[in-house]
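Peer 1: Next comes the sequence, and after it the predicted model I'd like to discuss.
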Amino acid sequence: MAVVETRDVTKVFKEGHLGAVNHVSFETREGEFLVFLGPSGSGKTTLLRMIAGLETPTSGKILIGGQVVNDLSPRERRVAMVFQSYALYPHLSVYKNISFPLKAQNVPKDQHRKKVEWAAGLLGIGGLLERKPRELSGGERQRVALARAIVREPAVFLLDEPLSNLDAKLRASAREELERFHRSVGTTSIYVTHDQVEAMAMGDRILVLNKGVVHQLGTPTEVYDNPADTFVATFLGSPPMNLVELGDVIVGFRPEHFLPSVNVTGATIPLRFKVDNMEYLGSEWIVSGTIAGGKLDSKKAVSRLPSALHLQHADVYDFVVPTRTLKFFDPATQQRVPEREIQWQ
Amino acid sequence: MAIDAARLKSGGTGQSPFLSTAMFAPAVLYILLLVGGPFLLAIFYAFSDARIGNAELHFVGLENFRSILESPSFRVAIRNSLVFTIGSQIVVVVSANILAIALETAFRGRGIVRFLILLPWVAPISLGAIGWKWILDSIYSVISWTLVALHFIKPFSAPMWLGEPHLAIASVLLVHSWRIIPFSTVILLAGRTAIPKDIPEAAAVDGAGFWRTQFQIVIPMMRPILSVAVLFGLIFTFTDMTVVYILTAGGPFDSTQTLPSLAFALGIQGSDLAAGAAISLFLVPLLVILAYFMLRIARRAEVS
């Protein structure tokens, strides 16, 4: 096991263009499950590929286990990677796919079978060893890719959106399995995804990236409850945080904190809310509308309500936001700023 | 409207037997007249005593085959056909793979290099062979001149590239290779680009070096397309007589004669049509085997 660290890593693909990754510095913890989260084009995969040794950083240092690995080839870094496409070798059986890293690293041949069976057993694919990849389902392929990664007991696991090729139902169970897998193996893992639900569910910590820049590194609770800037605030959470500009500050509140006044006790900010559209999602309502009256008149906002509540379309209701849930951002830098007193009306 | 259009469309191609026959006929006619006819004629001649300038024709049974099998030239021709075909394909597979690897990654001037490599394939085979005839000429050879200039050999003792049997065989083999390499390179290059980039990358992360990635992952994955390239190369070389005819005309002492060139030399130049026909029939079994494999690969490609 090992710690992965980057120091001021930048990757520029075309000279003169914007970097795909810009001055990224972070450090994993021992045995941690770290998630790179960001929209497509945020540089998360490029960052992962640099750690794997498939791309060379334009500047900056990458360390694995305290050793600078910039000039080491992928094979010398003792990392294992699971690709989005799984990248199984189509002409080899499952057994040979899993044993390939052992062969490539010159592990004595008499140990192969034992190790392959251990890895296959861990992922429940012991019965598929003689099959070819094309004869496997998506979920089975993913497990073969994981088994191939784990078989030589790497120092670090790199996973590039390994669930994105599975259908929604399978994805949930595969996610759970992956979490269990990580708990039992305990290897430092870096997981790339654009899916915030996956990131929140699986990550010990989340590194939020956009346009190659780190916006925040923190536990799921930290990034959700204490977003560092407006990007993190709106990228995490579905629907995203409501942001309204009020004087010289941006105020943010989550849809689940924007509720009818009768449902809330304690210090609150009252707001009139005109309902424009309602979506019924079974367990809840997603209600979008506009704020009526006051300084925030006709600003858009979204509320998440328990499905037991019933609102009428186009009606105006008394809503409130608990004062302690408000977040404040600087309109110029988009950065979080300390709480302050505000004139709402 | 939509339904009418659909009916028209399907009626046009699927339901008119006349149109499909008309479209198909030229191809069938072409094969019957230019391949089927001469093939049947060759079988017919092979069992006769047909000669150019002789109007009479007698059935002679297997006499032609017996006399051919006894002739040393024929045995040399069979051996040469196999040596040239298999030998040049070995050279081709090795060189085309190296070239494809070199041309896979982008570099300045790659387009020009690709174009230059493809040239031997585009140029008429006879022109290329004539060029090589001069390059390998006993007096004017640039290869000999270069070797003399570099003091590897003494002046006036240059090897007779096309005049000594072993050198002549090697020369013909290499010119055949030169001829097929571009074609194979282009096919293998296409095969390489068809492999998802993830796969060699996964191999790199798994710890495989360059050679292991090539020999255990990339080349095995290219096996279907590699066999297409090899089969085409085998057929082109096996049936070709231009290279031998222009370079050595089968000489010295019939030492570079192949089945097609011997058939031509005996049947057309030597007026013994029957012998020529009988010799060329020996090409058939091997070509049938090759055709069988070609069709098998084509069918597999359809399935997957």
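Peer 2: That came through fine.

Peer 1: give me the number of residues near residue 20?
Peer 2: In the absence of a named chain, this looks at chain A. 23 (other Cβ atoms under 10 Å in any protein chain shown). Bear in mind the C-beta positions are built from the backbone N, C-alpha and C, glycine included.

Peer 1: The chain in question should be chain B.
Peer 2: Neighbour number of B:S20 under other Cβ under 10 Å is 12.

Peer 1: Okay, and it sits in which element?
Peer 2: helix B:17-31 (DSSP states H and E).

Peer 1: and that helix, what other elements does it pack with?
Peer 2: Helices and strands touching helix B:17-31, by 3 or more Cβ pairs under 8 Å, 6 or more residues apart in numbering or on different chains; DSSP states H and E: there are none.

Peer 1: Name the residues of that helix that come out as buried.
Peer 2: When neighbours are counted by 16 or more other Cβ atoms under 10 Å in any protein chain shown, no buried residue of helix B:17-31 is found.

Peer 1: For whatever residue of the stretch 151-300 of chain A ends up closest to chain B, which residues are in contact?
Peer 2: Among the residues of the stretch 151-300 of chain A, A:R152 lies closest to chain B, at 7.5 Å counting by Cβ to the nearest Cβ. By Cβ atoms under 8 Å, 6 or more residues apart in numbering or on different chains, the contact set of A:R152 is A:A80, A:P101, A:L102, A:Q105, A:V107, A:K115, B:G207.

Peer 1: Could I get the pLDDT score of the nearest residue to the fourth one once chain neighbours are set aside?
Peer 2: In other words, A:Q105. What sits nearest to A:Q105 in space, not counting adjacent residues and going by Cβ to Cβ, 6 or more residues apart in numbering or on different chains, is B:G207, at 4.4 Å. If you check B:G207, the pLDDT there is 89.

Peer 1: so B:G207 makes contact with A:P101?
Peer 2: Yes - here B:G207 reaches A:P101: they are 5.6 Å apart, a contact under Cβ atoms under 8 Å.

Peer 1: ranges for the strands of the stretch 51-200 of chain A?
Peer 2: A:59-64, A:67-68, A:79-82, A:156-160, A:188-193 (DSSP state E, counting those that start in this stretch).

Peer 1: Any chance of those strands in a markdown table with mean pLDDT as columns?
Peer 2: Shown next, in a markdown table, are those (pLDDT from 0 to 100):
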| stretch | mean pLDDT |
| --- | --- |
| strand A:59-64 | 93 |
| strand A:67-68 | 92 |
| strand A:79-82 | 92 |
| strand A:156-160 | 93 |
| strand A:188-193 | 94 |
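
Peer 1: among the ones you listed, which is the most enclosed?
Peer 2: strand A:79-82 (a mean of 27; mean count of other Cβ atoms under 10 Å in any protein chain shown).

Peer 1: Quick one: list the elements packing against it.
Peer 2: Using 3+ Cβ pairs under 8 Å, 6+ apart: strand A:79-82 touches helix A:44-52, helix A:138-150, strand A:156-160, helix B:198-205.

Peer 1: What pairs with that strand, parallel or antiparallel?
Peer 2: Sheet pairing of strand A:79-82 (DSSP bridges) gives strand A:156-160 (parallel).

Peer 1: Which residues are in contact with the residue lying closest to the residue of the stretch 151-300 of chain A closest to chain B once chain neighbours are set aside?
Peer 2: Nearest residue to A:R152 in three dimensions, chain neighbours excluded: A:P101, at 4.7 Å (Cβ to Cβ, 6+ apart). Going by Cβ under 8 Å, 6+ apart, A:P101 touches A:A80, A:R148, A:A149, A:V151, A:R152, B:D206, B:G207.
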